[in-house]
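Asker: 3D model of this:
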Amino acid sequence: MGVSGPIRVVVAKPGLDGHDRGAKVIARALRDAGMEVIYTGLHQTPEQIVDTAIQEDADAIGLSILSGAHMTLFAKVIELLRDRDASDIKVFGGGIIPEADIPPLKELGVAAIFTPGTPTGDVVTWVRENVRQPAQA
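Answerer: Below you'll find the predicted structure:
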């Protein structure tokens, strides 16, 4: 890629979820770990999320989904990234996602799913180890 600077992550709340505390906690943990974080706010469409990720030259998208629409929303974000030749942007997420749905989500192309109770440090570590490494000074 040849990209320098900190890892850039878009954190988003797709769909009709009205609770964003978890997304804000993750956004803050990533920011505190030295990453650039763009938090899109509530009620984002998959199209808005992908547009933001491309415009912001993001390395990853973190989706927080509590509504039960995770299969549809993750699939749409992955599809739009492929359609826009941006499938190098890794997608990860968390929320109320049943264990049985995690393997099908990974088959769709979701890189990681974090369920409730996952320590924020685990998310930070995963992003550092699995998303573009920042250029060394």
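
Asker: and residue 92, helix, strand or coil?
Answerer: Three-state call for residue 92 (DSSP: H, G, I helix; E, B strand; the rest coil): strand.

Asker: What is the neighbour count of the nearest residue to it once chain neighbours are set aside?
Answerer: With CB to CB, 6 or more residues apart in numbering as the criterion, residue 92 has its nearest non-adjacent residue at 4.2 Å, and that residue is residue 112. The C-beta positions use only the backbone N, C-alpha and C, and glycine is treated the same way. For residue 112, the neighbour count with other CB atoms under 10 Å is 20.

Asker: With the one 5 residues further on instead?
Answerer: Around residue 117 sit 5 other residues, with neighbours defined as other CB under 10 Å.

Asker: what's the pLDDT at it?
Answerer: Listed pLDDT for residue 117 reads 93.

Asker: now swap in the one 3 residues further on and tell me
Answerer: Looking at residue 120, its pLDDT stands at 97.

Asker: Kindly report the same for residue 3.
Answerer: So residue 3 comes in at 61 (pLDDT).

Asker: got it, and the one 10 residues further on?
Answerer: Per-residue confidence for residue 13 comes out at a pLDDT of 96.

Asker: residues touching it, list them.
Answerer: Residue 13 is in contact with 20, 23, 40, 41, 42, 43, 44, 63, 64, 65, counting by CB atoms under 8 Å, 6 or more residues apart in numbering.

Asker: 7 Å instead, please
Answerer: By CB atoms under 7 Å, 6 or more residues apart in numbering, the contact set of residue 13 is 20, 23, 41, 42, 44, 64.

Asker: what about residue 71, neighbour count?
Answerer: Residue 71, neighbours per other CB under 10 Å, totals 14.

Asker: ok, it to residue 35 distance?
Answerer: 27 Å (CB to CB, to the nearest Å).

Asker: what do you get for residue 126?
Answerer: From residue 126 over to residue 35 the distance is 12 Å, taken as CB to CB.

Asker: re earlier: quick one, which of the contacts of residue 13 are buried?
Answerer: Using 16 or more other CB atoms under 10 Å as the burial test, these include 20, 23, 42, 44, 64 as buried.
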